[in-house]
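Colleague: 3D, please:
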Amino acid sequence: MTTTTATRHDRRMYAIMNRPDTQALSRTAARRRAWVAAHVVLTAASVALWLGSVHLGPLWMSCALLALVLPWCVAMGAINGATRGLLELRDRMLDERQLHERDRVRAVAHRITLGMLVAVAAGTGLAAWLGGVRFDGALLFPVLFALLVVHWMLPAWVACLRVQDDAPDEADDLG
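Modeller: Model (predicted):
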């Protein structure tokens, strides 16, 4: 990709992530929390359906998974719009404050994921040691796959939850 094409692409992505007509979707903290909650539920359902379709094989699970793709994409778009592309835009498109916030979001998400991994490791260790539970791929793979998805999505969820409300317009203050 040439420099001018990359620059044009960057400007287009910046414009998409900062569209004023979609900002109302995530103007308040309650709306952002609702989008994150919806995305968490859609992601969890997608993971469960994918694992079920792979391990159990019923066709309806694959069809249900396909039905979740569009709502999942809409919720992800709302999250990306709320964060104004914080995690999606290239470094050169972000100012110093945004770069710092992106690093902070990734650090918080990393700590949460680390805590989850420690909890799963401790839980499986205790179950094996105290309860004599034997873990095989049938249980281990779904848990590890779910943790992988959480690790992938958590920065976007954290970023959306950390966004500050827009300052009210002067016209709103007068009326």
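
Colleague: Who are the packing partners of the lengthiest helix in the chain?
Modeller: The longest helix of the chain (DSSP state H) is helix 96-131. With contacts taken as 3 or more CB pairs under 8 Å, 6 or more residues apart in numbering; DSSP states H and E, helix 96-131 sits against helix 137-162. C-beta: built from backbone N, CA, C; applies to glycine.

Colleague: Which of the residues in the helix it packs on are classified as buried?
Modeller: By neighbour count with 16 or more other CB atoms under 10 Å, helix 137-162 contains the buried residues 142, 146, 150-151, 153-161.

Colleague: Output the residues you listed as a markdown table; include the columns pLDDT.
Modeller: Below are the buried residues of helix 137-162 laid out as a markdown table (pLDDT from 0 to 100):
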| residue | pLDDT |
| --- | --- |
| Pro142 | 89 |
| Ala146 | 93 |
| Val150 | 96 |
| His151 | 96 |
| Met153 | 97 |
| Leu154 | 97 |
| Pro155 | 97 |
| Ala156 | 96 |
| Trp157 | 97 |
| Val158 | 97 |
| Ala159 | 96 |
| Cys160 | 95 |
| Leu161 | 95 |
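
Colleague: which stretches of the chain have low pLDDT?
Modeller: 1-6, 24, 137, 166-175 (pLDDT under 70).

Colleague: The spatially most central residue of the chain - nearest residue in space that isn't next to it in sequence?
Modeller: Central residue of the chain (CA atoms, centre = their mean): Met153, 3.2 Å from the mean position. Distances taken as CB to CB, 6 or more residues apart in numbering put Thr43 closest to Met153, at 5.8 Å, once the chain neighbours are dropped.

Colleague: what sits against the one you found?
Modeller: By CB atoms under 8 Å, 6 or more residues apart in numbering, Thr43 lies in contact with Trp72, Val149, Met153.

Colleague: Same question for Arg162.
Modeller: Counting by CB under 8 Å, 6+ apart, Arg162 touches Glu101, Arg104, Val105, Val108.

Colleague: again with Arg90
Modeller: Residues near Arg90 by CB under 8 Å, 6+ apart: Asp10.

Colleague: and it, backbone torsions?
Modeller: Backbone geometry at Arg90, expressed as degrees, to the nearest 10, gives phi -70, psi 160.

Colleague: from here on, count from 147
Modeller: Happy to do that; since the first residue is 147 now, the last one works out to Arg236.

Colleague: ok, it to Thr168 distance?
Modeller: From Arg236 over to Thr168 the distance is 21 Å, taken as CB to CB, to the nearest Å.

Colleague: Could you give the backbone dihedrals for the residue nearest to Met299?
Modeller: Note on Thr189: its backbone torsions stand at phi -70, psi -50 [degrees, to the nearest 10].
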